[in-house]
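Visitor: coords please:
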Amino acid sequence: MLPRSLNQPAALPRLGLDIMSALLAGLPVPKDVQANVLSYAVGVSIDDPRADVDSDADADEGLVEGLGWKGEYPGVVNVSATIRVGDAKIGAARLTLVDREVAGASFHAACDAESQELQEVAASFFSRDGRAPRLAAVEALGAEVRGGGVCYVASFRIDDPRANDPTSDVAAEALARLLAAPPLADRWTFCVYIPEAAAFVRAGEASWRPEEERAERERRDGYRRRDALPFLRLGFAQADELSRPGVSYLFVARSALRAAPLDRDAAPELRTVAPPPPAAEPSPADAALQRYLSDAFVSIGYVPYGGASEAEFRAAQASVFEQFRAVRMQREQTETLKRQMEAVRAQADSEDAAVRARAASILAIGTNFDAALRRCDDTEAELLGQRRRLDAVETAVDERRASVAAEIRRRVDDGGATVAGARALHVAAQCHNTTCLDLILELGGPGFVDARDPTNGVAPLAVAAATILGKGGPPRRPPLDFLRALVERGADRAARDSEGLTALGHFWRHARSIRDFYASAGLATAGFQYDYDALEREIEALIAPPGGPTPADEAVRDESRRAAEDSTSA
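Guide: The predicted structure follows:
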């Protein structure tokens, strides 16, 4: 019956009792004996969720004996554990187990049902069914990590004031006992943890002045290193591909988990990612121009023609013109037939019987040419109304663009702003707005179409590619006007950023994220009101580097589409 101790402390030698008493009393413990003594005293027990006074559960339904409560999806179990030294509770842990054999194709959805953080972890490491690793370092671990359970350590902390350093042997010993003890050990093949700093930042320490931001960031990185050290001592590796400033991911395969922690000095150190060097502070004029452009482009929208993209608007104009031409042609044909029919009607009184009979047979058709001509009039009037409305929309857009163009020139010529300092092309790419695109390129000078973000080397084409699928949504096919405009104006499709990604790689990562999101929400792109797969292929063809994708591009490509294309080509 829960709670059940996974590791009961063994009998301590007298020296150990003395040192344990010193530890719990707050006295220093010699480092050379701490590990041996504590290894006899650390115990970990899984909590009985039915004993939680805040729990509203009144039955055993949903309980997985010996572990915890079932999650929202089959194959998911939430586990809580208590860490003790002797009889003293000094810490706790929370874990989520997701059995991929049970969750199947709903792996991402099962993780999303527990928390957004778990879904992000799942999507970062594995495909939507949890089978295919998305990182080369994980794939290198072999078949073991492609099945079985994924264990996510949501929190792991040591709370006792006398053992509050998670780099201590207490934390490493407790973590080893927790992950290696049955029945937990039999439930996972792959484990993930995200080191954190919040647990070690006391109240009142989270605020700082802007000039102290660097020191604060370094301090928090130090906390994350302390939090990560017990995991690194047990064989966890770091997912460098996922690391970003302030965030690191640690993972381990079940077979790689060390039975005994490494010495502190032998454990690898957590590698933190420094934030990119800040771009040069924009001048007040540049900052003001950037704000103006952002507001202007958002207000115009990426579908500025009355809710339509420019391509859709031009197509509507062409359609109205073609319909109007067809109605005019129909009118001319109807008027010609009417004149011919009037001539036939005159023959109805002919003295020639044969002529009269032929005229009678034609007149028997009974076509009402006047009604047909009235229908032509009505259709022409409706189409003329549509043309006037379209012309009014185009005039408004032209006036708005002229106003924006005039304001840009005023701020550049008279206000001392520059389109480079205002990152005008990146703002336009983020908004997918072609308004004044040629003016911005003209003011930027030769090569400005490939202007790079100074912090990460991302070009405007990549910015547009990394956001395009968010500019439509299921009911609307996103417009490709801006992407086409940049390509037509010579954007370098082979340009790479600091990650080695081209615009195609940014699009592939964006598209994979979109598919992950819809799969987690239980939706399917097949339900869109347009051919989503065809749209992806169209975008890929538009921005593909002439020399093909880079290795970094391929690493973020949707594995399900890659497999489908490989099978088709085979």
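Visitor: make it CA atoms for all contacts and neighbour counts henceforth
Guide: Fine.
Visitor: state the phi and psi torsions of residue 91.
Guide: Recorded main-chain torsions at residue 91 are phi -170, psi -180, according to degrees, to the nearest 10.
Visitor: next up, the contacts around residue 145.
Guide: 138, 139, 189, 190, 253 (C-alpha atoms under 8 Å, 6 or more residues apart in numbering).
Visitor: residues touching the second one, list them.
Guide: Listed by C-alpha under 8 Å, 6+ apart, the contact partners of residue 139 are 132, 133, 145.
Visitor: returning to that earlier point: which one of the contacts of residue 145 is nearest residue 558?
Guide: When the contacts of residue 145 are ranked by distance to residue 558 (C-alpha to C-alpha), residue 139 comes first, at 15.1 Å.
Visitor: what about that closest one, distance to residue 250?
Guide: Distance of residue 139 to residue 250, given as C-alpha to C-alpha, to the nearest Å: 15 Å.
Visitor: max pairwise distance over the contacts of residue 145: which two?
Guide: 139 and 189 (13.2 Å).
Visitor: I'd say residue 152 and residue 194 touch.
Guide: No: taking contacts as C-alpha atoms under 8 Å, residue 152 lies outside contact range of residue 194: 9.0 Å.
Visitor: show me which of the two is the more surrounded one.
Guide: The residue with more neighbours, out of residue 152 and residue 194, is residue 152; 23 against 20, by other C-alpha atoms under 10 Å.
Visitor: contacting residues for that one?
Guide: 95, 96, 97, 118, 191, 192, 193.
Visitor: could you dump the contacts of residue 139 to JSON lines with pLDDT?
Guide: Below are those laid out as JSON lines (pLDDT from 0 to 100):
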{"residue": "132", "pLDDT": "93"}
{"residue": "133", "pLDDT": "95"}
{"residue": "145", "pLDDT": "95"}
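Visitor: from these, which single one is nearest residue 237?
Guide: Closest to residue 237, out of all of the contacts of residue 139 and judged by C-alpha to C-alpha, is residue 145, at 14.0 Å.
Visitor: please report the distance of that closest one from residue 104.
Guide: Counting by C-alpha to C-alpha - residue 145 and residue 104 are separated by 14 Å.
Visitor: repeat that for residue 256.
Guide: For residue 256, the distance to residue 104 - C-alpha to C-alpha - is 25 Å.
Visitor: just want to know which of those two has more residues nearby.
Guide: residue 104 (18 against 15).
Visitor: pLDDT wise, what is the closest residue to residue 453 other than its chain neighbours at?
Guide: Using C-alpha to C-alpha, 6 or more residues apart in numbering and skipping residues adjacent in sequence, the residue nearest residue 453 is residue 459, 6.4 Å away. Here, the pLDDT recorded for residue 459 equals 96.
Visitor: next: residue 141.
Guide: 94.
Visitor: that one in helix, strand or coil?
Guide: Per DSSP: H, G, I helix; E, B strand; the rest coil, the secondary structure class of residue 141 is coil.
Visitor: so what touches stretch 174-183?
Guide: Counting by C-alpha under 8 Å, 6+ apart, 6-7, 42-44, 66-67, 83, 184-185, 230-231, 234, 258-261 sit against stretch 174-183.
Visitor: in this structure residue 369 contacts residue 336, no?
Guide: No: applying C-alpha under 8 Å as the test, residue 369 and residue 336 come out as separate, 10.0 Å apart.
Visitor: how far is the longest helix anywhere in the chain from where the chain is centred?
Guide: Assignment by DSSP state H gives helix 369-413 as the longest helix of the chain. Helix 369-413 has its C-alpha centroid displaced from the chain centroid by 38 Å (C-alpha atoms, centre = their mean, to the nearest Å).
Visitor: wait, a helix at residue 69?
Guide: No: secondary structure of residue 69 (three-state DSSP): strand, not part of a helix.
Visitor: ok, now which ones touch it?
Guide: 49, 62, 63, 77, 78, 79.
Visitor: could you work out the most separated pair of those residues?
Guide: That would be 62 and 79, which, of these, are the farthest apart (C-alpha to C-alpha) at 12.5 Å.
Visitor: these two - which one has more neighbours?
Guide: Shown here are residue 62 and residue 79; by other C-alpha under 10 Å, residue 79 has more neighbours (23 against 13).
Visitor: how about the more buried one, secondary structure?
Guide: strand.
Visitor: with residue 50 instead?
Guide: Residue 50 ends up helix, using three-state DSSP.
Visitor: gap between it and residue 373?
Guide: Distance from residue 50 to residue 373, by C-alpha to C-alpha: 83 Å.
Visitor: residues contacting the spatially most central residue of the chain?
Guide: Most central in the chain under C-alpha atoms, centre = their mean is residue 513, positioned 4.2 Å from the mean C-alpha point. Contact analysis of residue 513 by C-alpha under 8 Å, 6+ apart lists nothing.
Visitor: go with 10 Å
Guide: Listed by C-alpha atoms under 10 Å, 6 or more residues apart in numbering, the contact set of residue 513 reads 120, 123, 124, 507, 519, 556, 558.
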